[in-house]
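Novice: Below are the sequence and a predicted model for it; my questions follow.
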Amino acid sequence: MRKTGERHQTLREKILEVIRDAIISGDMKAGSRISEPEMAERFGISRTPIREAFRQLESEGYLTVIPRKGAVIRSFTPKDVEEFYAVKSILEGYAARLACARLSEKEIDRLEAINNRLEELCQQNDTKHFFKVHNDFHALFIKAADNEKLREIHSSLVERFQRLRFTSLSLPGRMEISVQEHRKIIEAFRARDGVTAEMLVRKNAEYGGRVLMEGPGAHVTMAMVL
């Protein structure tokens with residue numbers, strides 16, 4: 001039998017997944033309000049796991065929680081997109097340059113294995129799991145950079161803009177391009193070419209923002225309202 005804490009955690013994760021998916025798919029629109037009582041009734045539970053889920057989603061950039069009023073689906077402006085990806089590219093590029101001299105051959109092999117898995121998920125069109133594994137790829141070389149302040153700043157930044165990153169990877173052809181970009185980055189790591197590694201990682205991040213701003217169907221609008 002599961003412990004109460006485990007059941008509580010599983011329920012909170014389910015709520016997180018349901019709300020995330022609804023926002024990303026557009027079923028929940030930017031600016032719309034969702035309340036704890038409504039969600040508690042929908043899931044047939046108390047407000048506590050709902051409140052915890054709201055806090056987590058706020059930290060990831062999906063919601064803005066207003067005291068005594070509930071939560072509102074957050075909107076992103078084109079300026080938000082531009083600024084996030086600009087800073088992300090600088091941080092990750094610098095991390096790649098540092099990591100280039102520190103990554104072991106085993107770690108580089110691990111990067112290649114992760115990218116092979118990403119290729120499989122791309123072929124399956126499994127964006128949700130692709131996104132999770134994609135995070136593992138970047139986390140590995142950022143950790144290898146061995147700069148705790150960099151890791152802290154990067155982690156804090158990307159956590160607030162998870163939605164933009166997921167949306168970018170969801171665009172047609174984006175996962176395939178990401179896999180191709182990673183192959184070049186891995187080659188630079190194996191060659192211990194820090195300058196090229198930094199350039200490729202920065203280009204990778206910048207492209208993620210550009211497809212939101214300029215992609216087919218005016219994807220900047222989608223980024224603003226999802």
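Specialist: Done, it's in. Residues are numbered from 1 along each chain as shown.
Novice: hmm, which helix or strand of the protein has the shakiest average pLDDT?
Specialist: When each helix and strand of the chain is scored by mean pLDDT, DSSP states H and E, helix 219-225 comes last, with a mean of 34.
Novice: you'd agree residue 183 is up against residue 115?
Specialist: Yes. With contact defined as CB atoms under 8 Å, residue 183 reaches residue 115; the gap is 6.5 Å. For glycine as for every other residue, the C-beta is placed from the backbone atoms N, C-alpha and C.
Novice: shouldn't residue 170 be in contact with residue 127?
Specialist: Yes. Between residue 170 and residue 127 there is a contact at 5.1 Å, judged by CB under 8 Å.
Novice: in what helix or strand does residue 71 lie?
Specialist: Assigned by DSSP states H and E, residue 71 belongs to strand 70-73.
Novice: next one: residue 97
Specialist: helix 78-100.
Novice: Give me the buried positions along that helix.
Specialist: Neighbour counts over helix 78-100 (16 or more other CB atoms under 10 Å) mark 80-81, 84-85, 87-89, 91-100 as buried.
Novice: Ok, stretch 114-125 next?
Specialist: 114-115, 117-119, 121-122.
Novice: From the residues you listed, pick the one nearest residue 203.
Specialist: residue 115 (16.4 Å; CB to CB).
Novice: Dump the C-alpha coordinates for stretch 69-78 into CSV.
Specialist: What follows is stretch 69-78, C-alpha atoms only, in CSV (Å, rounded to 0.1, in the frame of the first residue of the first chain):
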residue,chain,number,x,y,z
LYS,A,69,-7.9,35.8,-6.3
GLY,A,70,-6.5,32.5,-7.7
ALA,A,71,-4.2,32.0,-10.6
VAL,A,72,-4.0,33.5,-14.1
ILE,A,73,-2.4,31.9,-17.2
ARG,A,74,0.7,33.9,-17.8
SER,A,75,1.3,35.8,-21.1
PHE,A,76,4.7,36.2,-22.7
THR,A,77,5.7,39.2,-24.8
PRO,A,78,8.1,39.2,-27.7
